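In: Take a look and give me a structure for this.
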Amino acid sequence: MSGADWAGLVVAVASGVLVHWLGQGLWDALAARGKARASAAGADRRARRDQVADLESALARALADRDDERAEKEKAEAARDRALARCRALEDYAHRLREGCPGTPPPWPTTLLRV
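Out: Below you'll find the predicted structure:
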């Protein structure tokens, strides 16, 4: 083999090694890029999932607050209705006393407690 042949062989081997290293580096870079994209996509999915969970919990709290307010309103209305019934009973008793209806029972404690 002549010197040119050896030089050609060395250049061919060197270029093959260089191409291999560059190809491996490119492959590693593409793999790292793909992993980074997958990681970012996973992070986005986790962030969206967390947002949905936060919104669902906020909605559940709002619904619970609304139900609590509704229950308090119903209790207040029931208390108001009982107070109005007591007032009507007292007005009725006062009317019967003014009219002098015989047999009008005393207002306290039995009549007012039954209302």
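In: Mind giving me the packing neighbours of the top helix by length along the chain?
Out: Secondary structure of the chain per DSSP state H: the longest helix is helix 3-99. Using 3 or more Cβ pairs under 8 Å, 6 or more residues apart in numbering; DSSP states H and E, the elements in contact with helix 3-99 are helix 112-114. Just so you know, the C-beta spots here come from the backbone N, C-alpha and C atoms, and that holds for glycine as well.
In: separation between residue 43 and residue 74?
Out: Applying Cβ to Cβ, to the nearest Å, the value for residue 43 to residue 74 is 46 Å.
In: no wait, residue 25
Out: 73 Å.
In: Could you do residue 34 as well?
Out: Separation of residue 34 from residue 74 (Cβ to Cβ): 59 Å.
In: Least confident secondary structure element in the protein?
Out: Across the helices and strands of the chain, the lowest-confidence element by mean pLDDT, DSSP states H and E is helix 112-114, at a mean of 49.
In: give me the number of residues near residue 96?
Out: 15 (other Cβ atoms under 10 Å).
In: what mean pLDDT would you report for stretch 38-54?
Out: What stretch 38-54 shows for mean pLDDT is 86.
In: would you put the C-alpha positions of it in PDB?
Out: Presented in PDB, the C-alpha positions along stretch 38-54 are these (Å, rounded to 0.1, in the frame of the first residue of the first chain):
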ATOM      1  CA  ALA A  38     -42.500  15.000  27.200                       C
ATOM      2  CA  SER A  39     -41.600  16.400  30.600                       C
ATOM      3  CA  ALA A  40     -43.100  19.800  29.700                       C
ATOM      4  CA  ALA A  41     -46.200  18.100  28.400                       C
ATOM      5  CA  GLY A  42     -46.500  16.100  31.500                       C
ATOM      6  CA  ALA A  43     -46.000  19.200  33.600                       C
ATOM      7  CA  ASP A  44     -48.800  21.000  31.600                       C
ATOM      8  CA  ARG A  45     -51.100  18.000  32.200                       C
ATOM      9  CA  ARG A  46     -50.400  18.000  35.900                       C
ATOM     10  CA  ALA A  47     -50.900  21.800  36.000                       C
ATOM     11  CA  ARG A  48     -54.300  21.500  34.200                       C
ATOM     12  CA  ARG A  49     -55.200  18.600  36.500                       C
ATOM     13  CA  ASP A  50     -54.300  20.700  39.600                       C
ATOM     14  CA  GLN A  51     -56.300  23.600  38.200                       C
ATOM     15  CA  VAL A  52     -59.400  21.400  37.600                       C
ATOM     16  CA  ALA A  53     -59.000  20.000  41.200                       C
ATOM     17  CA  ASP A  54     -58.800  23.500  42.600                       C
END
